[in-house]
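>>> Here is my input, please return the structure:
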Amino acid sequence: MVPVARRNLFAEKGRFAISVAGVALAVLLILTVLALYRGWSRAGEVFEQLPGELWAVQQGTSDPFHSVSLIEPPDIERVSGIDGVQAVVPVLSRQMNFAPGGDEQSVRLMALDFGGFPASPDIQERFLPPQGQVVIDETLSRKTGLDEGDSLNISGVELTVAHVGPRGGDVLSQFAFVNFEDARAIFGVAGIVNYGMVVLDEGAQAGAVEAAIVDGHPDLQVYTGKEFAESVRKEIDESFIPVIAILVAIGFVVGAAVVGLTIYTATIERTREFGVMKAVGGSPGFLYRIVLSQSVMLTSAGFVVGVGGALLVARLAARAVPEFATDFQARDLGAVLAATLAMAVLASFVPVRRINSIDPAIVFRA
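Residues are numbered from 1 along each chain as shown. Now for the predicted structure:
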């Protein structure tokens with residue numbers, strides 16, 4: 001069965017190669033779109049990476065990017081006195097423009113005042129630079145050309161790049177972390193902060209602490225780190241998912257059409273051979289398995305080539321466009337593999353109908 005299927009496919013090697021390329025392009029499209037969505041949906045992950053379990057904000061704040069939160073120090077102090085709260089870290093955050101090399105860029109500056117609260121070496125390196133220094137991520141570094149040791153000026157404050165971290169999830173507006181005192185000078189504020197990052201005692205219940213903050217401070221609103229991150233991703237999900245669904249559907253239809261056309265053509269060209277098989281007692285199931293084997297071999301080859309192509313395209317695109325952030329996940333690879341196998345099954349239906357209509361008597365005709 002398999003040798004027959006393989007012979008049918010490779011009878012026209014050029015057509016087989018073109019068909020594999022068609023399936024590969026469909027797989028490449030689907031995988032790249034999914035990986036791009038995964039990369040962009042990491043937006044706001046910084047709020048999950050920081051050690052605070054809860055974020056206290058001004059009442060009415062919808063998310064960190066599209067609304068302003070202003071909190072006074074007395075509110076921070078009162079929250080820090082609630083049972084179960086280990087510390088409340090004042091946070092300043094604001095979108096700022098600067099012009100490295102003369103080209104204006106935008107960055108979301110964030111500064112945390114840990115004070116006497118201990119921070120791990122990893123937290124210090126990533127989020128707590130010394131005064132006069134700034135930590136940026138790889139995306140911002142590629143966009144601006146800034147690297148470790150380079151200088152930049154934001155609102156009259158001279159900063160040196162202390163560290164370039166891995167690419168973050170916020171591809172549209174990257175975070176840069178500065179010292180708290182530098183942030184005060186850049187923002188021109190004193191005595192006001194944007195958020196309070198609440199670090200809980202070990203074993204404290206986040207729900208109970210959140211309820212206590214809201215009950216005792218009606219001017220404050222509380223998010224968990226996950227909720228704060230999801231509030232940032234909400235806009236991406238609402239605008240991205242419908243586009244993804246359409247592109248994935250297009251890729252699937254194109255792949256199935258390429259496979260179906262190729263197998264149907266190969267079946268027509270082998271009409272007499274299939275007639276011989278039916279004449280000598282070949283069952284419909286046996287003939288269908290031949291067609292299905294051809295489809296599976298074709299889509300499998302297309303899947304392998306498509307995965308390699310998607311990885312290559314993502315790497316080249318990221319070099320040309322720093323915001324092209326992709327994240328290839330095993331579950332997406334599995335889903336696309338299942339989709340290619342579904343292509344094979346669906347694409348087999350039309351050729352099978354053609355086989356079923358073949359009259360075995362064709363073998364005996366001149």
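
>>> Tell me where the model's unsure across the stretch 251-366 of the chain.
For the stretch 251-366 of the chain, the stretches with pLDDT under 70 are 263-264, 266-284, 350-352, 354-366.

>>> in the stretch 1-150 of the chain, which ranges drop under the pLDDT threshold?
1-12.

>>> ranges for the helices of it?
Per DSSP state H, counting those that start in this stretch, the stretch 1-150 of the chain carries helices over the ranges 2-10, 13-40, 46-49, 73-80, 121-127, 138-144.

>>> And the ones you listed: which comes nearest Gly285?
helix 2-10 (14.3 Å; Cβ to Cβ). The way it works is simple: take the backbone N, C-alpha and C, and place the C-beta from them, glycine included.

>>> In a markdown table, list the helices of the stretch 1-150 of the chain along with distance to Ser151 and mean neighbour count.
Shown next, in a markdown table, are the helices of the stretch 1-150 of the chain (distance: least, Cβ to Cβ, whole Å; neighbours: other Cβ atoms under 10 Å):
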| stretch | distance to Ser151 | mean neighbour count |
| --- | --- | --- |
| helix 2-10 | 61 | 16 |
| helix 13-40 | 30 | 21 |
| helix 46-49 | 24 | 19 |
| helix 73-80 | 32 | 16 |
| helix 121-127 | 20 | 14 |
| helix 138-144 | 12 | 20 |
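
>>> Compare those helices and give me the one nearest His217.
Across the helices of the stretch 1-150 of the chain, the minimum distance to His217, taken as Cβ to Cβ, is reached by helix 73-80, at 6.3 Å.

>>> Show me what that closest one is packed up against.
strand 54-58, strand 85-98, strand 195-200 (3 or more Cβ pairs under 8 Å, 6 or more residues apart in numbering; DSSP states H and E).

>>> Any chance of CSV for the ones you listed, columns distance to Lys234?
Converted to CSV, these look like this (distance: least, Cβ to Cβ, whole Å):
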stretch, distance to Lys234
strand 54-58, 16
strand 85-98, 18
strand 195-200, 18
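
>>> The ones you listed: which one's closest to Ser239?
Among the helices and strands packed on helix 73-80, the nearest to Ser239 by Cβ to Cβ is strand 85-98 (19.5 Å).

>>> tell me the angle that closest one makes with strand 54-58.
Inter-element angle recorded for strand 85-98 and strand 54-58: 60 degrees (by axes from the mean of the first three to the mean of the last three Cα atoms, to 10 degrees).

>>> Just checking: what are the partner strands of strand 85-98?
Note on strand 85-98: by DSSP bridges, its sheet partners are strand 105-112 (antiparallel), strand 195-200 (antiparallel).

>>> Contact partners for the spatially closest residue to Ala301 that is not a sequence neighbour?
Nearest non-adjacent residue to Ala301, counting by Cβ to Cβ, 6 or more residues apart in numbering: Val20, 4.7 Å away. Contact partners of Val20, counting by Cβ atoms under 8 Å, 6 or more residues apart in numbering, are 298, 301-302, 305.

>>> same deal with Leu172?
Leu172 is in contact with 43, 323, counting by Cβ under 8 Å, 6+ apart.

>>> Please report the distance of it from Gly302.
33 Å (Cβ to Cβ, to the nearest Å).

>>> Check Val296 too.
Per Cβ to Cβ, Val296 is found 11 Å from Gly302.

>>> try Val91
49 Å.

>>> Ok, Gly116 next?
60 Å.

>>> Same drill for these two, tell me which one is more crowded.
More neighbours surround Gly302 than the other of Gly116 and Gly302, with 27 against 5 (other Cβ atoms under 10 Å).

>>> Pull the number of nearby residues for Ala330.
Ala330: 7 neighbours (other Cβ under 10 Å).

>>> Backbone torsions only: list them for it.
Per-residue torsions, Ala330: phi -60, psi -40 (degrees, to the nearest 10).

>>> Neighbours of Glu238, how many?
With other Cβ under 10 Å as criterion, Glu238 counts 9.

>>> Which phi and psi values does it adopt?
Backbone torsions of Glu238, given as degrees, to the nearest 10, read phi -70, psi -30.

>>> ok, it to Ser231 distance?
12 Å.

>>> which secondary structure elements does the helix or strand hosting Ala344 contact?
Using DSSP states H and E, Ala344 sits in helix 330-347. The contact analysis (3+ Cβ pairs under 8 Å, 6+ apart) places helix 330-347 against helix 13-40, helix 225-269, helix 284-320.

>>> Just put these in CSV and tack on distance to Glu148.
Below are those laid out as CSV (distance: least, Cβ to Cβ, whole Å):
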stretch, distance to Glu148
helix 13-40, 24
helix 225-269, 27
helix 284-320, 20
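
>>> Just name the most buried of the ones you listed.
helix 13-40 (a mean of 21; mean count of other Cβ atoms under 10 Å).

>>> what's the angle from that one to helix 330-347?
Using the same axes, to 10 degrees: helix 13-40 against helix 330-347 is 140 degrees.

>>> what domains does the record give for the chain?
Here the domain assignment for the chain is 2-42+234-364, 60-218, based on automatic domain parsing.

>>> Thank you kindly, that will do.
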